[in-house]
Structures are given as C-alpha cells and as structure tokens.
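Visitor: Kindly return the folded structure for what I paste below:
(chains A, B, C and D)
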Number of protein chains: 2
Amino acid sequence: MDIKRKDVHNSDTPVLCQACESRHRGVCGALTSDQLLQLSKHSSRRAVEPGTELIGESTQIKNYSNIISGVVKLSKMMADGRQQIVGLQFAPDFLGRPFRKENGVTAEAATEVKVCSFPKTVIERMIGEMPELEHKLLEQTLDELDEARNWMLTLGRKTAGEKVASYLLLIATHAFPENETDTAEFELPMSRMDIADFLGLTMETVSRQFTKLRADGVIRITNNRHVVIPEITRLSDRAGF
Amino acid sequence: MDIKRKDVHNSDTPVLCQACESRHRGVCGALTSDQLLQLSKHSSRRAVEPGTELIGESTQIKNYSNIISGVVKLSKMMADGRQQIVGLQFAPDFLGRPFRKENGVTAEAATEVKVCSFPKTVIERMIGEMPELEHKLLEQTLDELDEARNWMLTLGRKTAGEKVASYLLLIATHAFPENETDTAEFELPMSRMDIADFLGLTMETVSRQFTKLRADGVIRITNNRHVVIPEITRLSDRAGF
DNA sequence: CGACGCCTTGAACGATGTCAACGTGCGTGG
DNA sequence: CCACGCACGTTGACATCGTTCAAGGCGTCG
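Guide: So this is what the prediction gives:
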C-alpha cells in the first residue's frame, strides 16, 4: 500500500514502536530504525492509574518517558499545601528533564496513562550522538514555554469565567485534536479540584462557572465529566479572545 | 596573568567579544574563536532606551540578540488592553525564538539595554553546524521554562503580599547577582505599573504592599526605586517559602 | 440501604480592584 | 529663579469578585 511505502524502513521498525505516535510527531521521529531498535531494547511500556506519581518534585530522575496516551499533569506545591498545576502533557510529549538532576515539578497521571520509558543514561548518550534528537527536544521545550507563557496571561489577567472557558478550549484542542473546529464533545480528563489547581481558583468557583456556562447554553454537561460544546466560537468569546 | 592564560584562544577573540559575558555564560560560549570571529563580522552592538520595543508580538523576527546589560521584559496583551509580563531577561540571555516565524510575545527594554544582534540566517546556519550551540539554547530554554513555571505558582496561588516579596527576591537574585546572600541593595528596574503587570495585580495594590513592607521594616525605599533589604530571610518568609 | 466521594449551591466574608484625590520630583518655559 | 504642568506614586473610600464555610444533592459501591 502507498501509505506503507512512504514509511521508510517500516519493516525494520521494532514491533513495539510500529503504532506509536512518538515515532511520527514525537522525539523518536529523529531516530533511524537502527537507533530505534537499540532504544526499544531498553524501553518498557506500562499503563498507570489516574493519580499515580510519575516523577517526584525533588526525586532523582532515572527514567525518561514518551506519553503514549492519556493526560499527565505537572504541578508544584507550597509548604502549606497550596498547589498549582503548571502544565499538562499529552501524547506524544516527552516526559522528563534532560540534563537536570532534579526537575522541580511533580508529574502525576490525570487519566489512565500509557508511557514508554527508557533509562536516563541511554537517552542522554543518544542525544550526544544525534543532534536531530536534541533538536526535537528543543522544539518541544520551546512549545512548552509558549504554552506556559500563554497560561501566565490566563492566570494573571483573566476573570474566573474566562479562565474556565480557556480551560475548556485547551482541553478541546489539545487532548482531543480529532474534534472539528466548530463543535466538540469529550470527557474532561480532570476533576473540579484539579481544574481549580490549574486555574488558580477554588473548586467552588470552578463549579459555579460551569453552572453559568451551562445555564447560558454555551456547554452541555452530563455525568460531571462529559462535555458538549455546540459552538466553539461562543466559548472563545468567553475566554477573552 | 593567570586569568588570561585560562582563557583559551584569548588572543584570537574578536575585540568586540573580549569583555562580553555571553562568551562565558551565554550562548557564545559554545563557539570556537573562528566561529566567534565569523559571527562578530555580522553582529552589531547597540544601546536602547527604556521602553524601546525590541521584538513585536506578531512581527517577523529578523535578528537575534544577546543581552549585554539591562533588563528586558517579555509581555502579552489581550484585545481589551489587559497586559501580563510573562518573563524577564537579563544578561547574558539570548533574545529571540529560533525556528519560529512569530514569537507571540513583545520584548521591550525595561531599563537601558545593550544588545549584540546578528541576523537570523547566520545564527540558524551556525546552529545546524554546531550541536554545542543548540545544546546551549536548549539549556537556556529549559531554564526559562523552569522560571515560567515557578512564576505560574506565584500568579495562581500567592497573595498580593507574597507576590511582591517574590518579585523583590527575583530581582535581587537575577538582576543583581553580585549581592550578598543575607543583604541586598539595588535600583528597581521597573515601574509600579510594570511590576503590577508582572504580578497580575493593579498598581495600587503593589504600592500598598510596598508601603506595608516598608512599615514593617522588611525593606527601605528611597526615590521610589532604590531598595535596601537588610535581611533577605525576612523577605523570603513573606514570599511563601 | 448507608456511606463515601465528588460536585453543587447558598450566605457571609475578605482581599483586591476601582475611582478619585493628593503628594512629590523633575523638566520646561516664562 | 519661580511657577507650572506632567509623570509617577501613594492613600483613602467604596465596590466587586472570588473565597470560605456550611449544607445538601447525586451517583457508586459495599
């Protein structure tokens, strides 16, 4: 088939990697089939439950991972327990901070998450040998920086209503890119409490804003998690764009 | 002198670069003296006034720069004029987004700023030839991402008092690294309005928090800009650490 | 059925924003 | 040299938004 012919070295691709998005849009796209094979020998897949801590705030990092599916939340906590989610990661993002002993954030599975992990040492050696790999990492890091700065605007200057609308738009576009551009329907990957920690609000305020959006017909909600957005433009208007 | 002997190829270093911090801590540290010479042929230094726009939010980038001295603020603005400063950059940071046509933020001189600029094309070619250069950029980008995420915690979860204390600590450590660890004295590089835009507050609230810190003896202020911090630990306590 | 987790709703409170007046330093022009 | 205007910062009074605390709803699982 034509599609397969375009996929260079498809026959050499390790079985584990054949259906993996990281090979196309993620960091593994920078690797030759030889290197992919070498890496796959050291890599292991696993699925984890929501709530599982993948990386601790000040624990040493031994493994790096590619996210195969699911949503991972990156958070920071203050001494008195106040918490802020500082980023969300989706497939096929790379998880872990190269060249850093500590990483300053906790990574926790928000949904069920499938990851493909490999030892720090193997990846760091490959980075040294493969400038293309480092380039991919730089690209992803630049994207994450853009996202972080966008979110700083949301945290610092938007009202509660705008924050909740911005969150829904973020999830609609990032976690479910298969949605159309004018309408969307999906399961929220996070609890009200998580959303509050992401938006710098309380659970109650988030709940009230959901209620208001529902009352105004901008969204429909069933089972607390299932969201339908009939017209995305109406939601964008509420997000401050 | 011993100091000079340690500086490899010192004699070949272009005159323009000899006293430049970017050659040590910044991206130019990744270059050989040959490359430095080549780059310096295309580079130009200039000093700009506070308020000068160095990069526009959606303007094409033609130049990259190293910051030689001064403070640059990166900001975002909403359609209705609400503004948020999403990052500060100091010498010897690299200014500009490689591999991005647009960059989504406005860069503006907060103080008088000296920069060393070179054409986008020259730098991007060098990145392709020099993995070390790309590595430096990745390192800086990772640092900026850490900073951004730290600030997200500040924006989302800290009180006005904690935000202002956090700001003072940030300036004391980043803009004036020569300060001692237990005491500090410096000129604030930004107006009350800028500080408010960085902290997600109003000018009035920032002013009141300054007044309170002064009343409590945590800081002393003269001429609105000159700040003395007698005991940095007392300020840290106020910042939520 | 009851208990539990998660979410929603209500009422009162408090931190921060808004609006307006005033202060201070500085440059400018009479 | 003084008077004035202007930019910037401070302070006060009041309004508002989001938080806090408390009660109750709803679905799930034992």
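
Visitor: how close does the residue nearest in space to the middle of chain A sit to DNA strand C?
Guide: The centroid of chain A falls nearest to A:Q89 when counting by Cα atoms, centre = their mean (1.5 Å). Distance of A:Q89 to DNA strand C, given as Cβ to the nearest atom of the strand, to the nearest Å: 20 Å. Quick note: C-beta positions are derived from backbone N, CA and C, even for glycine.

Visitor: give the contact list for that residue.
Guide: A:Q89 makes contact with A:I67, A:V71, A:V72, A:K73, A:L74, A:L95, A:A107 under the criterion Cβ atoms under 8 Å, 6 or more residues apart in numbering or on different chains.

Visitor: Is A:K76 in a helix, a strand, or coil?
Guide: strand (DSSP: H, G, I helix; E, B strand; the rest coil).

Visitor: before we move on, the earlier item: could you tell me how far the helix or strand where the residue nearest to the centre of chain A lies lies from the centre of the chain?
Guide: For A:Q89, the host element (DSSP states H and E) is strand A:83-90. From the chain centre to the centre of strand A:83-90 is a distance of 8 Å (Cα atoms, centre = their mean, to the nearest Å).

Visitor: tell me the average confidence for it?
Guide: The pLDDT scores in strand A:83-90 average 97.

Visitor: So what are the sheet partners of it and their directions?
Guide: Neighbouring strands of strand A:83-90 in its sheet, by DSSP bridges, are strand A:71-77 (antiparallel).

Visitor: now the contacts of A:Q89 in JSON lines, with pLDDT and neighbour count?
Guide: Output for the contacts of A:Q89, formatted as JSON lines (pLDDT from 0 to 100; neighbours: other Cβ atoms under 10 Å in any protein chain shown):
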{"residue": "A:I67", "pLDDT": "95", "neighbour count": "24"}
{"residue": "A:V71", "pLDDT": "96", "neighbour count": "22"}
{"residue": "A:V72", "pLDDT": "97", "neighbour count": "25"}
{"residue": "A:K73", "pLDDT": "97", "neighbour count": "22"}
{"residue": "A:L74", "pLDDT": "97", "neighbour count": "24"}
{"residue": "A:L95", "pLDDT": "93", "neighbour count": "21"}
{"residue": "A:A107", "pLDDT": "95", "neighbour count": "24"}
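
Visitor: and which of those is nearest DNA strand D?
Guide: Nearest to DNA strand D out of the contacts of A:Q89 is A:K73 (Cβ to the nearest atom of the strand; 18.3 Å).

Visitor: got the contact list for that closest one?
Guide: By Cβ under 8 Å, 6+ apart, the neighbours of A:K73 are A:I85, A:G87, A:L88, A:Q89, A:A107, A:E108, A:A109, A:A110, A:M190, A:D194, A:F198.

Visitor: What residues are bridge-paired with the fifth one?
Guide: A:A107 has the following beta-bridge partners by DSSP bridges: A:I55, A:L74.

Visitor: for DNA strand C, what are the nearby residues on chain A?
Guide: When proximity is defined as Cβ under 7 Å from any atom of the strand, chain A approaches DNA strand C at A:191-193, A:203-204, A:206-208, A:210-211, A:221, A:224-225.

Visitor: neighbour-wise, which of those leads?
Guide: Counting neighbours by other Cβ atoms under 10 Å in any protein chain shown, A:V206 leads the residues of chain A next to DNA strand C with 23 neighbours.

Visitor: wait, it sits on A:V164?
Guide: Yes - using Cβ atoms under 8 Å, A:V206 makes contact with A:V164 at a distance of 6.1 Å.

Visitor: who touches both of the two?
Guide: When Cβ under 8 Å, 6+ apart defines a contact, the residues bordering A:V206 and A:V164 alike are A:I195, A:L199.

Visitor: Chain A: helices as residue ranges?
Guide: A:2-6, A:33-42, A:120-129, A:131-157, A:160-174, A:192-199, A:203-215, A:232-238 (DSSP state H).

Visitor: So is the longest one next to chain B?
Guide: By that I understand helix A:131-157. Yes - residues of helix A:131-157 contacting chain B under Cβ under 8 Å from any Cβ of the partner chain: A:131, A:134-135, A:137-139, A:141-142, A:144-146, A:148-153, A:155-157.
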